[in-house]
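# here are the coordinates; sequence isn't available:
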């Protein structure tokens, strides 16, 4: 058959997903795209934009992301929507009241719209439209095609300008052609925005100007009046740079923002007559030169049955990068929510603290911190002012607020009317913060002791579990503040509890108030709080498959599913498990879902809006996007605490944490929304992001890091970096002095922390070395380390360890070298690694790749040759024929060995496969198409697959299964994925967590993006491709892709294997479906029944739902009942697309 995807050819799919987008910021534009009340800044990346808002005076927090662009953004500007002056408004409206009403309406509208040009020759306008629900914000856009009848070098959109009055936009090609778009009036634009639409162009005109060459001479003798240097930002400003029109009284300076093109950017405060201060760093790990995946360093102890996978087994991914100041770094990649430390308060006399509560000071700007350890409590006050002075933190004795600090605190909180509550084992204490003289102490009887308690400030209730000689009971008290009288009014009689309570929570669910109690033996008792009594509703016993696992419930969190008769309840056990359950109302009962292991210590929970924060040991997580029909189906991401002043900061164990309630914060100076943690004897006040993103940990290196490799033998990272030395030869005339530059390669080692498996800093590795052994391997000037191999040869039954280094030169006769080093840990100082030279092999061509073959051979790609070398080993080694080398037609850039075959990526001929015959290298197979390869990864399997990345962004899956002695040409690619940027490195993960059959490959681009590429069976590809097509058709999930077609036919929806690129599934498109949930999926599957029928179009053979059921059953079988298909699919899709770093 002529069809390359004929039935006789195997079919596989490729699923790609952007795990980490490129950090390179192209533009940073102050633009109020949501409304005038928000101080927003738009960060424009290659194919996405991020809206960030200034909070806490000097911090930019992520608010919204738009990653729907199907083309690269090449230019961006803001268009201001002019406000009418009061005089004009008064002239039109005639009354001052009308002016005020008009201003109030405009205040809720955006102050700007954003103008973008795409490399698909399109002009794009967009803004953020807020729906009646404050949290329901979406982007509204308008697209206009630009002329395409010009050459590629003169593509429209390279230059974009907006006139000062924002009445016109000019778009130009690099030469000759430009267009002017006149915009509609500001009044008409505001009217469109109110209605959620956008069509800003009133008139458009296009011009051609051939141009004139004009000679201009500037009088160099003319002097500028004065030049004032205000300071240095220590980052590049040639890309994204702007000033923010935001002057807060806390600092009184200007805000400068710099993206940084090579190296980091940042947010700076520029105060008059002072150097600019960086208050927030924008980490940029581009350009990337090499990557490595490190396997788990420690085996998990199996001292108890592991009923679920431990979530601490994250992916350990490292990249090497460089900056413009001749320095570099190794970035330890992590993904999740960043909690950036804004304040560190040492707790020198309170190092055993276990719980913390943050209470705003209603009488003055500031915050109280009530901290408790197993014996006593402490009260601290943080005061903040608007004068710009430093914040002041001091301890209080608690007597002014009638608090008892001599004993430990069980619970604390505050109500909306400024009543602070403290629950101790002996009493409930309350005080009116605006009038501390008004306080009340409700003491328990002598024989009663409080075991556990909780305070709900929103409900104004306090719940206490008491123990006495008569047993254990529950009491609920209501805070009463009336006419200067403060009291705790207990509701009805106390309720007897049969099992020992160790956790308790009170929540408002479905117009009622419920109390949930967790016990030491795994019971959940739940009660309903009525006006005059507490009613016991029921009890549930946790069910675990192993009896020896502790069921003690350390903490409980409840999330209400609004609009349904269900809610989710999560129990954190002291054994390190999280139990997910569902509450079904009417009648009320509890259903248990699956378990999740977070570690071996107690799991602590805290609900924050519709999410749940989780700590276990040194781990910190956040649950979000909870499915409304399955409490165990949620998005789980880590929370990473970072320090602006310490890029190598390592997160310690979290002993206690809380969130400062934003809705009840009386002012902006009370840390509303901040995350407060107890960790390592310190109180940390952090700004917690609302969006998960890459949170890399950076290890600075004194040079450009171009190669990185993991040594399983040494248990460390081996890094190669280049330093630059300048030497000036002064002569008689200083202006004619010669400056010489020497670039030298260095080899160094980074150790891992034994307890946390995190990289130790480069400075730590240097400081740990003795001065006599501080020298690391250094190469000659002009030489570059191109590859590193951690090699363990074996001869005569003995194993040895060597480091093999490949180098390249440009000017020497011996252009390449392979250097063998002995490397071992120092006997007296195990953190130090000593190196000594063993052998050196020289080559005529530069060495670009090396790989181990067999027991004692190294395959070297030097110049255009693949050369086997067998170094002299104590017990002998392999012997190769004199003409064993193989001549390629272009240099080999990557080698992988799968005995007896060698897989070689070449610079011009894509993939070449060699075999060893009679101790000589011969051609086994090669790709018949001339591609420029960058990297490859052998997958194997039934189809003998190899994944190859090419220049231009193509990633191809080749099969060598059909190669014969007569036909050595590899058949065309089974599947291809076209990515925006070329992948320079492909790394395989040996043990993928989400699939036991699919191969999982991670690809990295030079601009810092990280992709995950996994193989799919034909059935999986058909199901996912069908859903991708539906998502592309949906105008909400894919507003840009859906507009590409005027009419979507059945051929556009049904998966069709016409060419290799058709076998690609874009996970970025599918990821837009996950936050919408099962309800939206059902809506998409029924959309064909709701659309208007067109008699001119042939009816499709099936409905969307029928096709989904057919494809679903092909993947999962017919055992799953009809009502569970959508839930099962969404849970599977979430696991496929989950980011784990």
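Cool, the structure landed. Keep in mind it's a predicted model, so treat the numbers as computed, not measured. Residues are numbered from 1 along each chain as shown.
# can you pull up the bridge partners for the residue minimising distance to the centre of the chain?
Central residue of the chain (CA atoms, centre = their mean): residue 693, 2.0 Å from the mean position. When bridges are called by DSSP bridges, residue 693 pairs up with residue 336.
# For it, give its distance to residue 638.
According to CB to CB, to the nearest Å, residue 693 stands 11 Å off from residue 638. All C-beta spots, glycine's among them, are computed from the backbone N, C-alpha and C.
# what residues are shared contacts of the two?
335-337 (CB atoms under 8 Å, 6 or more residues apart in numbering).
# quick one: contacts for the closest residue to residue 68 other than its chain neighbours?
Distance criterion CB to CB, 6 or more residues apart in numbering; nearest residue to residue 68, sequence neighbours excluded, is residue 1040 at 5.2 Å. By CB under 8 Å, 6+ apart, the residues touching residue 1040 are 68-70, 141, 143.
# Of those residues - the most surrounded one?
Most neighbours among the contacts of residue 1040, by other CB atoms under 10 Å: residue 69, with 21 neighbours.
# circling back: how close does the residue nearest to residue 68 get to residue 70?
For residue 1040, the distance to residue 70 - CB to CB - is 5 Å.
# rewinding a little: and which of the shared contacts of residue 693 and residue 638 is nearest residue 1103?
If you rank the shared contacts of residue 693 and residue 638 by distance to residue 1103 using CB to CB, residue 335 comes first, at 38.1 Å.
# Please name the residues that touch that closest one.
19-20, 637-638, 692-695, 1139-1141.
# List just the nearest of the residues you listed to residue 712.
Out of those, the member with the shortest distance to residue 712 (by CB to CB) is residue 1141, at 20.7 Å.
# these two touch, right, that closest one and residue 319?
No: look at residue 1141 against residue 319 with CB atoms under 8 Å: they stay out of range, at 11.5 Å.
# where do the contact lists of those two overlap?
residue 333.
# who's more crowded, those two?
Neighbours were counted for residue 1141 and for residue 319 using other CB under 10 Å; residue 319 has more, 24 against 20.
# pretty sure that one contacts residue 284?
No: using CB under 8 Å, residue 319 makes no contact with residue 284, being 11.9 Å away.
# Pull up the overlap in contacts between the two.
By the contact definition CB under 8 Å, 6+ apart, residue 319 and residue 284 are jointly contacted by residue 1008.
# All the helices of the stretch 51-200 of the chain, residue numbers only.
86-93, 96-107, 186-194 (DSSP state H, counting those that start in this stretch).
# Check the stretch 901-1050 of the chain too.
Along the stretch 901-1050 of the chain, the segments classed as helices by DSSP H, counting those that start in this stretch run 1018-1033, 1039-1042, 1050-1053.
# Check which helices and strands the longest one is in contact with.
Yep, that's helix 1018-1033 we're talking about. Judged by 3 or more CB pairs under 8 Å, 6 or more residues apart in numbering; DSSP states H and E, helix 1018-1033 is in contact with strand 13-20, helix 1039-1042, helix 1050-1053, strand 1064-1066, helix 1067-1071, helix 1077-1085, helix 1104-1116, helix 1125-1137.
# Quick check: mean pLDDT of it?
For helix 1018-1033, mean pLDDT is 96.
# returning to what we had before: show me which of the contacts of residue 335 is closest to residue 166.
For those, the residue nearest residue 166 by CB to CB is residue 693; the value is 31.7 Å.
# can you tell me how far that closest one sits from residue 50?
In terms of CB to CB, residue 693 sits 9 Å off from residue 50.
# shared neighbours of these two, anything?
residue 62.
# Who's the closest spatial neighbour of residue 683, skipping the chain neighbours?
Residue 683's closest residue in space is residue 345 (CB to CB, 6+ apart), at 4.0 Å.
# what number of residues lie near the spatially closest residue to residue 777 that is not a sequence neighbour?
The shortest distance from residue 777 to any non-neighbouring residue, by CB to CB, 6+ apart, is to residue 747 (4.0 Å). Residues lying near residue 747 (other CB under 10 Å) number 22.
# Quick check, residue 747 in contact with residue 823.
No: here residue 747 lies out of contact with residue 823, judged by CB under 8 Å, at a distance of 9.2 Å.
# what do the two both touch?
residue 835.
# Show me how the protein divides into domains.
As given by automatic domain parsing, the domain ranges for the chain are 337-694, 1017-1137.
# out of the ones you listed, nearest to residue 183?
Within the domains of the chain, the stretch nearest residue 183 is domain 1017-1137; the backing value is 21.1 Å (CB to CB).
# Flag the helix or strand of the chain with the lowest per-element mean pLDDT.
helix 86-93 (a mean of 36; mean pLDDT, DSSP states H and E).
# Packing partners of the helix or strand where residue 804 lies?
Here residue 804, judged by DSSP states H and E, is contained in strand 802-808. Contact analysis of strand 802-808 by 3+ CB pairs under 8 Å, 6+ apart lists strand 784-791, strand 816-825, strand 847-853 as its packing neighbours.
# Need the domains of the chain in TSV (columns: distance to residue 807).
Listed next are these as TSV, based on distance: least, CB to CB, whole Å:
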stretch	distance to residue 807
domain 337-694	29
domain 1017-1137	37
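# winner for burial among those?
When the domains of the chain are scored by mean count of other CB atoms under 10 Å, the highest mean neighbour count falls to domain 337-694 (a mean of 18).
# Give the burial count for the spatially closest residue to residue 1068 that is not a sequence neighbour, as a bare number.
Nearest residue to residue 1068 in three dimensions, chain neighbours excluded: residue 18, at 5.3 Å (CB to CB, 6+ apart). Residue crowding around residue 18 was assessed by other CB under 10 Å; the count is 20.
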